[in-house]
Each structure stands twice: as structure tokens, then as C-alpha cells.
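S.K.: Need the 3D shape of this:
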Amino acid sequence: MDPFTTFSLIFIVVILLLMAEIEHRAIVAMLAAVLSVYFGVSYGLFEYKDIVEMLEIDTVLFITAVLILFETMGKSGFFDYVEKYIIERIGARPGVLAYVLPLIVTIFSGVSSNITVMLAIGMITLRIAKMLEMDARKLIIVEAVQTDVGGILLPISSVAALIVATKAKLSFFDFLKVSLPLVFVLTVVTLLYIRFFLHKELVAGGKKKADIRIGEYSNGARNPSAFYRSLVIFVSFIITISLSDMLGLSPTLISFIFVVAMFLLSGINPDEIFRGVDWSIPFFVGGFFLFVGGLEKSGVLEVVSHVVTKIVGSNLILGMPFLLIFCAVLSAFIDNIPVTLLLLPIVENIALETGFNPIPLYWALIVGGNLGGSLTNFGSPSVFVGIRLAERKGYHISIGEYMKTAVPLVLIQLSTALTYLMILNSLGLLQ
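M.R.: The predicted structure is shown next:
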């Protein structure tokens, strides 16, 4: 077989494996990488020395460092402190919780792992719901959807955003000036959706007042000293990474400087942090980079980009909505990381062939990849985790109930985000 046919077959098999979830996604990515390297070298498409460049090691290391920092924040007792605060201040008011908890999830998902936030705030939600005799199912669904909204807030808020921002060389402030208003608007849309469509169901049966004994439910941060030191280091990291262009330092170097500082000063056992980090993510991203590199060198991505370019044509006004919707639909069935990794080089090819400014297309990937996963109850890892968490606590959430609650909200969010991006693009603010 010729290289194009071979890599086309590998591409089809990998996509089917990811959709079927027969094997862990990291294993699928490593299998794809091994096959790509073997056939790529055999066909003479590239040499072994090219693998390091194809691996995009800088991006992989940056992702790894951010995961370590996020895990340290979790181990420091940050979410324990949040739980204590919520229970003490607003734990006995179901009507307030229905709005505050999704808002908290959105903010924390911007500065921590979506799955970590969903586990932590989801557990808090379920415990408070039990105390107040509330039905937590719809609230958990909304919170799960909002984790993906929070994933747009910063270039480090989600792996998909991190990959695109790094490849597109979007600075922290260039990213933030687009993402911050967008996340604000999407969060307002969610709160309005709760007010007009879910409020009565969320507070139905809940006690307006409850005799809550705080000490029985939360003790706050387990190690106050570690908590405050970790918080200071993490905030310093966010500030420094935002000034990376001015400092002349790469984001990867900055992130590892703060990883070292966290290990030295936080007082948390590094073994605990290493055990908690989701190491499948850097392995998956690295493996998929090699796989995408093989597709690119074999000509498969070039053919796909030609097809997409014909659909997009020479009209960016139609191209950006198409790409956003296409990415969102794919992300509903396949994790947004492989979708982003597959579409990113296609966007680059489209920009080269058409002369488009690629920034609007990059934003279509970021928004579509993050929000689209919430269209199904398995497309987003944080959504899946939230539903499983609720089910383990006795709240069964059927596919029909999830679709009825989440899909209208996500479709409204996608429409709002698309309108927002098109307005910015028409004003020349996506440069």
C-alpha cells in the first residue's frame, strides 16, 4: 500500500477506537504514535531524528507542569476551604445555591482541572443537597456544563485551549481580552437559563432553613500553612505567565520554575502530587502529536483540509461558524483534545491556502472544542465524572434527562459564543 492509504486506514481505526472507548485514550494515542513512526520511517516520510520536533515537546511539558500545579492546589485543601465557606455562608438557602454553585464552578474551572473542580464542587453540592433535601440532578448537570465554559477563561484553563493558544502563539492578554467577556456572557446566559427554566425544579422540596452542624461536614483546609503557601505560589504563577512576553521567558520555563517552587515551599509531599496527576494527558497529547505529524507528512491532512477549504470557500463569515459547529459536533462524541489536535493543522493549511487571518478560526476551535463536549453525557470528561458522582450518591441521571436539561443550554451557549466571535471579527478585534 502507498503511504496515503496506510495512514488513512490508521486514521479511521484510531477515530473508531476513540469513539468506541474500547481502550483508554492514552493507549490509543500511543498505538497511533507507534504505527505512525513505524510506517513513516519505513516509507521514508521522515527520520527518527524528526520525532522530537513532531512530538511538540514544549507544549507537552507545559501541559505537564500545569497539571502538577493544579494537582498541588487540590492537595493543599483549597476545595476543603471552599466547602466550609459555602456551607457556613449560604448552605441553608436552596434558591441562592442554585445560582452560586454554577458560578463557583465556572470560576474555579478557569484556574484548575475541570475534573478536579467537578469532583470537589459536585461533592459539596450533593452533601448540601442531602442536608436541604434538594434534588441535585439538574444542578449537577448545569455545573458539569459550566466546567467546560470555565475551560475557555484562560489559555491554561483546558488542554484544548492550551494547545491552540500555544500553537497560535496567543499571548495571555490577547487570549484574556477575548475569553473574559465571552465567559462572562456565557455565565450570564446560564444563570438566566436557570432562572426561567430550572429555578422551580432546583429548589423544589428544599428546606428554606436547615439545622446544619458545620463541624460534621467540613473542617476547611487540612493544612492551613500548605494551603496559603500553595495559593500564593499559584497566584504568582498566573501573574508571571501573563507577563511572559514582557519578561522574555517561555511559558514552559515559567511553569517549571513554579513547579519547583511549589515542591520546595508548599510543604506537600511530592509523591502525593505525582500520584494524583493525570499522566495519561501528556502521554495522550504527545502520542497524538506524533500521529497528527504522520497524517500531515503522508498527505492525509492535506486532502481533508482541501475538502474543508472547499466548504469554507473564501468567506470567513461562513467558515468560522462551520468550523465551530463541526468542532462542537465532533467533540460531542470524541474527547476535545484529539479533535483539537486533528483540526489544528487543518486550520493552518486553510489559512495558508485562502490567506485568511487564522485567529478567528483558532477561536472557533477553542469554543467549539470546549462547549461541544457537553452536548452528550459522555463527550466531556468532567460531565461524565459529574454524572457518575451523582449516581454513586443515589441520583440516577438518564440520558434523556441529561439531554433535556443540558442540550438546550449548550445550544444557546454555542449560538451566543458564535455571535460574539462574529461581532468581534467584524469589528477587527480578532487579530
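
S.K.: Every contact and neighbour count from this point should use C-alpha atoms.
M.R.: Noted.

S.K.: Show me the shaky parts of the stretch 201-350 of the chain.
M.R.: 203-223, 312-316 (pLDDT under 70).

S.K.: Flag every buried residue along the longest helix along the chain.
M.R.: The helix that spans the most residues within the chain, counting by DSSP state H, is helix 399-426. Using 16 or more other CA atoms under 10 Å as the test for burial, helix 399-426 gives 402-403, 405-407, 409-410, 413-414, 416-418, 421-422, 425.

S.K.: Nearest to Leu202, out of these: which one, please.
M.R.: Nearest to Leu202 among the buried residues of helix 399-426: Thr405, at 11.7 Å, using CA to CA.

S.K.: I'd like the distance from the closest one to Ile141, if you could.
M.R.: Using CA to CA, to the nearest Å, one obtains 7 Å as the distance from Thr405 to Ile141.

S.K.: Identify the contacts common to the two.
M.R.: Counting by CA atoms under 8 Å, 6 or more residues apart in numbering, Thr405 and Ile141 have no common neighbour.

S.K.: next structured bit after the strand or helix carrying Val339?
M.R.: Element membership of Val339, judged by DSSP states H and E, is helix 336-354. Once the chain leaves helix 336-354, the next helix or strand it forms, by DSSP H and E, is helix 359-372.

S.K.: which strands and helices sit next to that next one?
M.R.: helix 137-150, helix 159-168, helix 316-331, helix 336-354, helix 399-426 (3 or more CA pairs under 8 Å, 6 or more residues apart in numbering; DSSP states H and E).

S.K.: Could you give the separation of the last one from the chain centroid?
M.R.: When distances are taken as CA atoms, centre = their mean, to the nearest Å, helix 399-426 is centred 16 Å away from the chain's centroid.

S.K.: What of the first one?
M.R.: In terms of CA atoms, centre = their mean, the centre of helix 137-150 is found 13 Å from the chain centre.

S.K.: Now do that helix and helix 359-372, the angle between them.
M.R.: Per axes from the mean of the first three to the mean of the last three CA atoms, to 10 degrees, the angle that helix 137-150 makes with helix 359-372 is 160 degrees.

S.K.: what mean pLDDT does helix 137-150 have?
M.R.: In this model, helix 137-150 has a mean pLDDT of 94.

S.K.: Same check on the shortest one?
M.R.: Computed over helix 159-168, the mean pLDDT rounds to 87.

S.K.: Can you name the element that comes right after it?
M.R.: Defined by DSSP H and E, the subsequent element after helix 159-168 is helix 172-193.

S.K.: re the thing from before, show the average pLDDT along the longest helix of the chain.
M.R.: 94.

S.K.: so what secondary structure elements neighbour it?
M.R.: Helix 399-426 packs on helix 137-150, helix 172-193, helix 316-331, helix 359-372, going by 3+ CA pairs under 8 Å, 6+ apart.

S.K.: Show residues contacting the longest one.
M.R.: Taking contacts as CA under 8 Å, 6+ apart, the residues outside helix 172-193 that touch it are 99, 103, 106, 146, 149-150, 152-155, 165, 241-243, 409, 412-413, 416-417, 420, 430.

S.K.: if we go to 6 Å?
M.R.: Residues outside helix 172-193 that contact it (CA atoms under 6 Å, 6 or more residues apart in numbering) are 153, 242, 413.

S.K.: What sits closest to the spatially most central residue of the chain if chain neighbours are left out?
M.R.: Geometric centre of the chain, nearest residue: Ser158, 3.3 Å, by CA atoms, centre = their mean. Nearest residue to Ser158, sequence neighbours excluded (CA to CA, 6 or more residues apart in numbering): Gly151, at 4.8 Å.

S.K.: Please identify the helix or strand for Ile311.
M.R.: Assigned by DSSP H and E, Ile311 falls in helix 300-312.

S.K.: Dump that helix to CSV, restricted to CA.
M.R.: What follows is helix 300-312, C-alpha atoms only, in CSV (Å, rounded to 0.1, in the frame of the first residue of the first chain):
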residue,chain,number,x,y,z
VAL,A,300,-4.0,12.8,4.6
LEU,A,301,-4.5,16.1,6.4
GLU,A,302,-3.8,18.0,3.2
VAL,A,303,-6.7,16.2,1.5
VAL,A,304,-9.0,16.8,4.4
SER,A,305,-8.0,20.5,4.6
HIS,A,306,-8.8,20.8,0.8
VAL,A,307,-12.3,19.4,1.4
VAL,A,308,-12.9,21.7,4.4
THR,A,309,-11.5,24.6,2.4
LYS,A,310,-13.9,24.0,-0.4
ILE,A,311,-16.8,24.0,2.1
VAL,A,312,-15.4,27.1,3.8
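
S.K.: And Ile87, how close does it get to Pro94?
M.R.: In this view, Ile87 and Pro94 are 11 Å apart by CA to CA.

S.K.: These two: which has the busier surroundings?
M.R.: Pro94 (24 against 20; other CA atoms under 10 Å).

S.K.: Now the phi/psi pair for the more buried one, please.
M.R.: Main-chain torsions, Pro94, degrees, to the nearest 10: phi -60, psi -40.
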